[in-house]
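Just need the structure, nothing else, for what follows:
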Amino acid sequence: MEKKEKMEVNGMKNGNGAFAGKTMLLVNTGSIKKRFILQKLKKLGLKIVVLNKEKNWANEYVDSWILADTANHAESLQQVEKFIKDNRHIHIDGALTFWEDDVLLTSKITDKFNFIGIPFSVAKKARNKYLFRKFCEENGIKAPKNMLIKSARDLSCAADNFAFPVVLKPTYGSSSAFVVKAENKEEFYSTYEYIKKNISSKVESALSEGLDILVEEYIDGDEVDIDILLQNGKIKFWSITDNYKTREPFFVETGQAIPSSLPKKNQGELLELAELTLEKLGVQNGCVHFEAKISHTGPAPIEVNLRMGGDEVNSFVKGAWHVDLIEYAAKISLGIYFNKIKKKEEPYEYLSGAYFLPDSSGILIKFDIAEKIKLNKNLEEFHLYKKIGDAVLVPPEGFEYIGWLTVAGENPLDAKDNLDDILKDIKFEVAKFDPDSSIGKTLRKSRFSMASMNKELLQGAAKIERFRRISIKNQRNLHIGIAGNIFQEETGAIEAELSAIGRDVESALNERGYKTTFFDFNNLAKTFAELKDSNVDLVFNVCESINNSSLLKPHAAAIFDLLQIPYTGSNPFTLGLCIDKIRVKKLLSYHGIPTPKWDYAYSINDEIDSGLKYPLIVKPANNDSSIGITNDSVVTNEKELRAQLEKVIVGLGSPALVEEYIDGDEYDVPIIGSEEDDLRVLPLSRSIFDKLPENYWHIYSFEAKWTDNPAYKSIIMEEPSKSSNKKLESLITEIALDTYNILDCHDYGRVEIKVDKHDNPYILELNPNPHINFKNRLPQVAKLAGMDYGDFLEEIIRMTVKRYKNKPNYYHLQTGLM
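Take a look at the predicted model:
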């Protein structure tokens, strides 16, 4: 809910002629929270050229992009210069940023191209908090005792020589990130370790300039923000906002009020301090957000932000004084002169604002707003940045808030009362994170000891929570990751098949409106990094190998579990178990599931059960896709058996599974679902081998599956099975379902069954991750059940969503098999 913008602000109409024909270089769009800035600049009639790492949400407001990594100043300056040379028809009139990260870069740009702005020599003294403290000391401006910590010796020196409490903070940074108060030596050391361990430009992008840590003695007093417009060295406008008491020790902002309620004398002292500081710094032009405190000992600067303040600042100033800081910041940078703005004795509105802050990090599970709030005439602005199911990270895990609002009143007390009344009708709940493990129950050594771990766990838990809250009706809003394999050189039939699976899934889901991202597990390092940073809601797991080994494919699912990303299909245990045909045999035998009589060998010298009757078939125990199975795999005597054992154990490096050969039809039983109420057996398919030439055994060898040997063309494939023995098919279905459940298969799978001449069924294997490219058997029999390819994929997604709902984390990894 945003307040409607006044069409006239301080006597100047939006889109006035002052900006006609002007082009602004905007350095960094910032996050989508800054959309209102781009909207305003566009309404002013400006042409906007944006320097940014990539095109993003702001594209509709941008006339031209200059793409460069703004953290790399040399690259950015080079690209700006190239753009100017290559686009001589575009005349850039000025440069501006609203993003703390790029204050220094913007100053370098204004220096290099002679734009109006703040010189780099000035900006670096304000941007670096240590340099700013040194500047204050050198110019007789009040500053707390401070020290830059670069070594253990510095740390010890500060602990012994500073009066507590002290404040530790990064020399660069913004939004109070990693600014922490320490009351004593013990807290001082633990606070330093916390900051040093967790500080990163990935957490707070404004830290990209450096990660040094400053310690200074704590400044007590009332905290204010002073928003100032400077043009040609003169203050053209100022406004003081009171900050409500922050939550210490992390200085979390709780809210503000405008105009300040401080006595006029104090306000005058604060303004004098700001004017003196900016004059001695050498700031001649700019929109400045000056932070200070005042106590009985007088005012003291906290920091100087050489850009417009964030969040509610522009809204506050515009509401109270009808001055739009965005518009005037643009005027200053473009050299458009304006007179000193005369403020009224009383503001147009008294405003009070607050942030929605939970007491601890967790998952947002509730946010209720009473309907009457929307009709409340005192509500000015309301912004919500989190959705139900999102992680909210507050110190020490992070520096986030759920949103903020501002409320108007006839005087300061009325505005605060109105704010409190509205807040009573807003209820939110954040489920505190308490990992269900020994880690979560361990005694913490300090308030910071679990911060880093909790943050990672919370962000992952939020992905699961958001996924659980997805309505099946809205499942096409899901962002689906496709975990597959792409072979650049598809030299063989298997490689072509494996590449096709992921492509087919991605294409079908795109056609149905899903947003998809492909993750190629043939490039594991790149895929892991992309997955970790991705915002996919669900991964469709059709990964068949990692590092060119099918033995590693269960680890793809393990990666999803580690990153707490929901995924389709079976868990790592089931995927790994089913690769090991010997263990599967043992487990099915234990449960009384009929399989061909069998034995196994890990060495060519191992004895094979003499009770097995020839012919026998010798298979690799841990290969799939019939790799290692040939017509010669069926043996009729000891000599042939030993020869095949050597081929498998020595030649392929695999244990050998030896089974009695079953001469009969083979059934494929496709199953979808995971739980009793959604398990379904799709139409059975049957392979009949009777037409094979006399010297061919009735099996699916590698040649039968992957080559064009004409002999195997005589295998009759029935989809669906046309067997007249419905009792047999019913029995086959039952033992297939038992196998599926015993092996704890999820979402979909295929059970392969052979029947002998007496119609006795025997389980050959369960494939928990069968190929599901468009032309494969499972999607084709699904079509017989009324589901086309897209329907089939969506049904798997639907069942996966259902499976994750209302279940504890990692429930799918728990099994009672053993």
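
and Tyr590, how many neighbours?
Tyr590: 11 surrounding residues under other CB atoms under 10 Å. Any C-beta I mention is one placed from the backbone N, CA and C, and that applies to glycine too.

meant to ask about Asn773, not that
21.

In contact with it: list those residues for me.
497, 500-501, 503-505, 779 (CB atoms under 8 Å, 6 or more residues apart in numbering).

Repeat that for Phe120.
Phe120 neighbours (CB under 8 Å, 6+ apart): 104, 107-108, 111.

mind checking how far the nearest residue to it once chain neighbours are set aside is from Ile213?
Among residues not flanking Phe120 along the chain, Ser107 sits closest, at 4.2 Å (CB to CB, 6 or more residues apart in numbering). Distance, Ser107 to Ile213, using CB to CB, to the nearest Å: 24 Å.

one step back: out of the contacts of Phe120, give me the one that has the most neighbours.
Busiest of the contacts of Phe120 [other CB under 10 Å] is Ser107, holding 26 neighbours.

Touching, it and Phe113? I think so.
No. Taking CB atoms under 8 Å as the definition, Ser107 is not a contact partner of Phe113, at 11.5 Å.

Now do the strands in the stretch 651-800 of the chain.
656-660, 666-672, 680-681, 685-688, 716-718, 748-755, 761-767 (DSSP state E, counting those that start in this stretch).

what does the last one rub up against?
By that I understand strand 761-767. By CB under 8 Å, 6+ apart, strand 761-767 touches 578, 581, 584, 588, 593-596, 624, 662, 666-667, 728, 731-732, 735-736, 739-740, 743, 745, 749-756.

what's the answer for the second one, then?
By CB under 8 Å, 6+ apart, the residues outside strand 666-672 that reach it are 678-687, 689, 698, 700, 721, 729, 732-733, 736-737, 740, 745, 747-755, 761, 764, 770, 777-778, 781-782, 795-796, 799.

Can you give the distance of it from its chain's centre?
Chain-centre distance of strand 666-672: 37 Å, with CA atoms, centre = their mean, to the nearest Å.

just the fifth one next, same as before
Relative to the mean C-alpha coordinate of its chain, strand 716-718 is positioned 47 Å out (CA atoms, centre = their mean).

which intervals of the stretch 101-250 of the chain have sub-threshold pLDDT?
Scanning the stretch 101-250 of the chain for pLDDT under 70 picks out 173-175, 200-211.

can you give me the strands for it?
Under DSSP E, counting those that start in this stretch, the stretch 101-250 of the chain gives strands at 146-149, 166-170, 180-182, 213-217, 222-231, 234-243.

Name the member of the contacts of Asn773 with the shortest distance to Phe164.
Val505 (60.2 Å; CB to CB).

Could you give the number of residues near the closest one?
27.

Over to Gln78?
Using other CB under 10 Å, Gln78 is surrounded by 12 other residues.

Whatever helix or strand it lives in: which residues count as buried?
Per DSSP states H and E: Gln78 is located in helix 73-86. For helix 73-86, burial by neighbour count (16 or more other CB atoms under 10 Å) applies to 73, 76-77, 79-80, 83-84.

Let me know whether Val658 touches Glu640 as I believe.
No. Counting by CB under 8 Å, Val658 does not reach Glu640; the two are 11.7 Å apart.

So for the two, which residue has more residues nearby?
Val658 (24 against 17).

pLDDT wise, what is the residue lying closest to the more buried one once chain neighbours are set aside at?
Of all residues not flanking Val658 in the chain, Asp599 sits nearest, at 5.0 Å (CB to CB, 6+ apart). What the model reports for Asp599 is a pLDDT of 95.

for the one 10 residues further on, same thing?
The predicted local confidence for Asp609 comes out at a pLDDT of 93.

what do you get for Thr491?
So, for Thr491, pLDDT stands at 66.

now swap in Asn477 and tell me
Looking at Asn477, the pLDDT reads 87.

As a markdown table, the contacts of Asn773 with secondary structure and pLDDT would be great.
Shown next, in a markdown table, are those (DSSP: H, G, I helix; E, B strand; the rest coil; pLDDT from 0 to 100):
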| residue | secondary structure | pLDDT |
| --- | --- | --- |
| Glu497 | helix | 83 |
| Ala500 | helix | 88 |
| Ile501 | helix | 91 |
| Arg503 | helix | 93 |
| Asp504 | helix | 94 |
| Val505 | helix | 95 |
| Pro779 | helix | 90 |
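
of those, closest to Leu357?
Val505 (42.1 Å).

and the closest one, what is it in contact with?
482, 484, 540, 542, 772-773, 793.

Same question for Thr516.
479-482, 506, 509-510.

same thing but at 10 Å, please
478-482, 502, 505-510, 536, 540 (CB atoms under 10 Å, 6 or more residues apart in numbering).

And Asn52, by the same measure?
26-30, 58, 62, 65-70, 76, 99, 102.

switch the cut-off to 8 Å
Here Asn52 is in contact with 28-29, 58, 65-68, 70 (CB under 8 Å, 6+ apart).

could I get these as JSON lines with distance to Lys40, pLDDT and neighbour count?
Formatted as JSON lines, the contacts of Asn52 follow (distance: CB to CB, whole Å; pLDDT from 0 to 100; neighbours: other CB atoms under 10 Å):
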{"residue": "Asn28", "distance to Lys40": "16", "pLDDT": "96", "neighbour count": "22"}
{"residue": "Thr29", "distance to Lys40": "13", "pLDDT": "96", "neighbour count": "27"}
{"residue": "Ala58", "distance to Lys40": "12", "pLDDT": "95", "neighbour count": "21"}
{"residue": "Trp65", "distance to Lys40": "19", "pLDDT": "98", "neighbour count": "18"}
{"residue": "Ile66", "distance to Lys40": "21", "pLDDT": "98", "neighbour count": "21"}
{"residue": "Leu67", "distance to Lys40": "24", "pLDDT": "98", "neighbour count": "14"}
{"residue": "Ala68", "distance to Lys40": "25", "pLDDT": "97", "neighbour count": "22"}
{"residue": "Thr70", "distance to Lys40": "21", "pLDDT": "95", "neighbour count": "22"}
